[in-house]
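Chemist: Just the structure for this:
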Amino acid sequence: MIPIVLVPGLLCSAEVFAPQVAALWRYGPITVASTLEGKTMAEIAAAILATAPPRFALTGLSMGGHISFEIMRQAPERVIKLALLDTSARADTSEQVARRRALVAQARTGIFRSLVEQLMGVLLHPAHQNNVALREVILRMSLTVGIDGFARQQEAIIARIDSRPSLAAISVPTLVLVGDSDLLTPPDRAEETAAAIRGARLVVVAECGHGSTLEQPDAVNLALTEWINT
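Modeler: Numbers count the residues shown, from 1 in each chain. Below you'll find the predicted structure:
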């Protein structure tokens, strides 16, 4: 039995991993980490490590991937296996920074709910745009994190370092997974990450955007089950 720590992405609560918890619980105790403590990636990672099992398998989605890179820098000896879902090892460009700060400013004008609904157009594959249940989950998670949480998370993302120089130091079994139509962290970013980590396995999920754990849970669960059993 291997303890598993799942780290959610931006504006995500534990619900983003609901399908994975159901699929992975038989392999070991599962913790869905909080990303609401700390103002920087280093602080968020340290808070997660403070309550995590002594050794564990680590899965990070999107922003959770950025946090996972930081965990690997702070305590590589505690991570048994690593899974990186829909994320990038690169730091933000100046254009991305400006876009993030503009979104936070918009959210603070009182249109947070409608802003989240607009973001779904970028987040989801076209085939899933009209999935009412999926949209409700995303909205519910976003409202749980809230505007202040959103702002803190965005600033932590903006300030993160480029993780590419540290990828070669990762020596644990690693899965890198991405949706084939992920607009936020495209497949070429996943390919770059997988190529830099020795022995990493790359999985590209068909008909999937940035929200792989909820958009294509069966495919993600299969990849994670194979990863945890490797």
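Chemist: Can I get stretch 33-40 in PDB, CA atoms only?
Modeler: Extracted in PDB, the C-alpha atoms of stretch 33-40 (Å, rounded to 0.1, in the frame of the first residue of the first chain):
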ATOM      1  CA  ALA A  33      -3.900  18.400  -0.400                       C
ATOM      2  CA  SER A  34      -5.100  22.000   0.300                       C
ATOM      3  CA  THR A  35      -3.600  24.700  -1.900                       C
ATOM      4  CA  LEU A  36      -5.000  27.500   0.200                       C
ATOM      5  CA  GLU A  37      -2.200  27.900   2.700                       C
ATOM      6  CA  GLY A  38       0.800  30.000   1.700                       C
ATOM      7  CA  LYS A  39       1.400  32.800  -0.800                       C
ATOM      8  CA  THR A  40       4.300  31.300  -2.800                       C
END
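Chemist: what mean pLDDT does that stretch have?
Modeler: What stretch 33-40 shows for mean pLDDT is 95.
Chemist: Check stretch 111-119 too.
Modeler: Mean predicted lDDT for stretch 111-119 stands at 88.
Chemist: do the same with stretch 133-141
Modeler: The model assigns stretch 133-141 a mean pLDDT of 95.
Chemist: Report the helix of the protein that spans the greatest number of residues.
Modeler: Secondary structure of the chain read by DSSP state H shows that its longest helix is helix 132-158.
Chemist: buried residues in that one?
Modeler: 134-135, 137-138, 141-142, 145, 149-157 (16 or more other C-beta atoms under 10 Å). C-betas here are computed from N, CA, C, even on glycine.
Chemist: out of the residues you listed, what pair is the most spread apart?
Modeler: 134 and 155 (27.6 Å; C-beta to C-beta).
Chemist: how about the helices in the chain?
Modeler: Counting by DSSP H, the helices of the chain are 18-24, 41-51, 63-74, 94-106, 112-123, 132-158, 187-196, 212-215, 217-228.
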